[in-house]
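Visitor: fold the following, please.
(one chain, ligands or ions: 2)
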Amino acid sequence: MFKILVSDPISDLGIQQLVDANDVTVVKKTGLNEDELVAIIGEFDALMVRSQTTVTERILTAGTNLKAVGRAGVGVDNIDLDAATKRGIVVINAPDGNTITTCEHTLAMMMALARHIPQAYAKTISGTWDRKTFIGVELRGKTLGILGMGRIGSEVAKRAKAFGMDILAFDPFLTEDRAEKLEVKLATVNDIVLNADFMTVHTPLTPETRNMISRPQFEVMKKGMRIINCARGGLIDEMALIEAIDQGIVAGAAFDVFEHEPPQSDHPFLNHPKVIVTPHLGASTIEAQENVAIDVSEEILHILRNEPFKNAVNIPPVAPSVMNKLQPYFSLGEKLGSFVAQITTGAVSEIHIDYAGDLSDVDTLPLTRYIVKGVLSHHLGSDVNIVNCSHLAKSRDVNIVVSKAPKTKGFTNLISVSLKTQNNQDRLVAGTLLQGYGERIVLLDKYTVDIAPDGNQILISHNDKPGIIGLVGTLLGENDVNIASMQVGRTLVGGSALMILTVDKAPSKDVLVKLASLQEINSALEIILN
Ligand SMILES: NC(=O)C1=CN([C@@H]2O[C@H](COP(=O)(O)OP(=O)(O)OC[C@H]3O[C@@H](n4cnc5c(N)ncnc54)[C@H](O)[C@@H]3O)[C@@H](O)[C@H]2O)C=CC1
Ligand SMILES: O=C(O)C(=O)COP(=O)(O)O
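Guide: Residues are numbered from 1 along each chain as shown. Ligands and ions are numbered 1, 2, ... in the order given. Okay, here's the model as predicted:
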């Protein structure tokens, strides 16, 4: 039974599938501080958060059973990603579910700012009928500068066009073509600062974007600018903004997010007549909360059940077309890694993976992770997964070398995995996906074989002499080990040879020792492939 802790307010409807799953127990505990989380996190397999819970290294370290942290939303700046990656904890988010909601909040803030709605509301309900103070401005004909043209920024642009605004857009990944399609003008931050009437930010908070609008930008800013931040506190320097408002450079600001949330009661934005604020409500609609919770719940279930998942923040993203091509090979890749690790002794110094045929023209990095996981799991057990395997390999000085070749010797695809060890071993196993037959191991060192990589196997190295197969069969039969299939590979008649048996149950250590001591047999090794 998997245990999932939901530590922020997350839509009940969105997590219903977790509650309904018969292999999951959901525990809801919101408002816990770091110490309280550290005290209980050890019993959970997954943690589900929004932006309130700061998922620190301490919490992740205490989460000895944690396999996933799910962020029901976009920003993961409240999660220590490096710490999660090192521990093999998958961090997933829900990047699409709250885009429109946050875009709509941005527009609501822009209009509220243009028409002083919160200030006028407060005065009206306090009993003053003031129709003079709150003269606003139209959006029509104004220029909106958008910093960050990702999901939300692009949607804001579309809607702002409908208000008759001209858009200047800056995003390092915005191409001329896309800008043209979105009917926006490519600009620099400086162009926006100098020419826009309204400015809105929609970037993540990174070292590069922190304080992207600060004193140097305010000093040259077009007078009367109105600024909206529904992305992340810290993108716009809060203190420099207040100075710019008080100097009459900025006409007003609308902020949904703060550098420190919640802000202190003496924060200069609170009660400033030209600043309107909301308490990080950008994603807070019924629809968005359901969407993000559904998306994250689904992904958490996939991770816990060891099924393929998407939207992992601490694994490089893979295009769906590439994923479709690679996914059928994940299990084979992991088994090849595991197989070659089990036949190798000594510390691994290099994993060489060669992709040939169909796989040579795709980005095989996700598949490489499965292979490396397979290799390392033999030594490091279940602590290894596709998130931390590269980190673990690097920290153990294991070199990962990948090569590709368009042609294979007779197969449409071939994955070869060889391990070099510090004691100079060099072992190789190669496998393929055969249409209609599934996964096969087709090469073992220099021997051509045809093995289904499943279950319990015994690998015997022997001299090619008559009668050996009989001896092995008799010994296993006497010890109640049933042989399901047998393959023999040799390079020369009478030379060294290799026998691989698939058996219905694992042989005992004693049986392996007896096998290895039979005449003409050099070694007998058990291999387990799940
Ligand atoms: N207030 C709220 O409740 C919500 C806030 N957000 C925040 O909104 C922001 C945007 O979210 P999405 O549009 O979904 O993300 P996204 O990843 O689709 O877009 C972010 C864009 O910023 C661009 N970018 C990165 N560095 C940049 C730079 N230095 N200058 C200009 N552009 C840069 C990226 O290229 C990308 O296109 C995020 O910070 C997210 O956490 C998202 C949802 C709700
Ligand atoms: O999705 C995001 O990035 C948000 O900022 C939304 O935060 P929330 O889930 O409302 O705490």
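Visitor: mind giving me the domain split of the protein?
Guide: 2-96+287-304, 99-277, 318-449, 454-530 (automatic domain parsing).
Visitor: pick the most deeply packed of those domains.
Guide: Neighbour counts (mean count of other Cβ atoms under 10 Å) averaged over each of those peak at domain 2-96+287-304, with a mean of 20. Glycine gets a C-beta too; all of them are placed from N, C-alpha and C.
Visitor: is it positioned near ligand 1?
Guide: Yes - Domain 2-96+287-304 is in contact with ligand 1 by Cβ under 6 Å from any ligand atom, via Gly73, Val74, Gly75, Pro95.
Visitor: so what's the residue nearest the centre of the chain bridging to?
Guide: For the chain, the residue nearest the mean C-alpha position is Ala312 (1.6 Å; Cα atoms, centre = their mean). In this entry, Ala312 is beta-bridged to Ile92, by DSSP bridges.
Visitor: so it versus Val429, what's the distance?
Guide: For Ala312, the distance to Val429 equals 28 Å [Cβ to Cβ, to the nearest Å].
Visitor: then Lys181?
Guide: 48 Å.
Visitor: list the contacts of the longest helix that the chain contains.
Guide: As assigned by DSSP state H, the longest helix anywhere in the chain is helix 286-304. Residues outside helix 286-304 that contact it (Cβ atoms under 8 Å, 6 or more residues apart in numbering): 2, 4, 10-11, 13-15, 17-18, 21, 23-24, 45-46, 48, 67-68, 70-73, 90, 92-94, 96-98, 100-102, 283, 307-311.
Visitor: got a markdown table for the residues of domain 2-96+287-304 next to ligand 1, with pLDDT, distance to Pro216 and secondary structure too?
Guide: Below are the residues of domain 2-96+287-304 next to ligand 1 laid out as a markdown table (pLDDT from 0 to 100; distance: Cβ to Cβ, whole Å; DSSP: H, G, I helix; E, B strand; the rest coil):
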| residue | pLDDT | distance to Pro216 | secondary structure |
| --- | --- | --- | --- |
| Gly73 | 97 | 32 | coil |
| Val74 | 94 | 28 | coil |
| Gly75 | 93 | 26 | coil |
| Pro95 | 91 | 32 | coil |
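Visitor: now, the most widely separated pair of these?
Guide: The span of the residues of domain 2-96+287-304 next to ligand 1, defined through Cβ to Cβ, is set by Gly75 and Pro95 at 9.9 Å.
Visitor: what pLDDT does the residue nearest to the centre of the chain get?
Guide: In this model, Ala312 is scored at 87, pLDDT.
Visitor: residue contacts, it?
Guide: For Ala312, the contact set (Cβ under 8 Å, 6+ apart) comprises Val90, Val91, Ile92, Val387.
Visitor: which one of those is nearest Asp80?
Guide: For the contacts of Ala312, the nearest to Asp80 is Val91 (9.3 Å; Cβ to Cβ).
Visitor: can I assume that closest one is in contact with Lys67?
Guide: No - here Val91 does not reach Lys67: they are 10.8 Å apart, not a contact under Cβ atoms under 8 Å.
Visitor: in the stretch 51-200 of the chain, which residue sits closest to ligand 2?
Guide: Residue nearest to ligand 2 within the stretch 51-200 of the chain (Cβ to the nearest ligand atom): Gly73, separated by 2.6 Å.
Visitor: list phi and psi for Val511.
Guide: When read as degrees, to the nearest 10, the backbone of Val511 gives phi -60, psi -40.
Visitor: correct me, but it touches Asn479?
Guide: Yes - under the contact definition of Cβ under 8 Å, Val511 touches Asn479, with a separation of 4.8 Å.
Visitor: what's the distance between Ser154 and ligand 1?
Guide: Ser154 is 8 Å from ligand 1, where distance means Cβ to the nearest ligand atom, to the nearest Å.
Visitor: no further questions, thank you.
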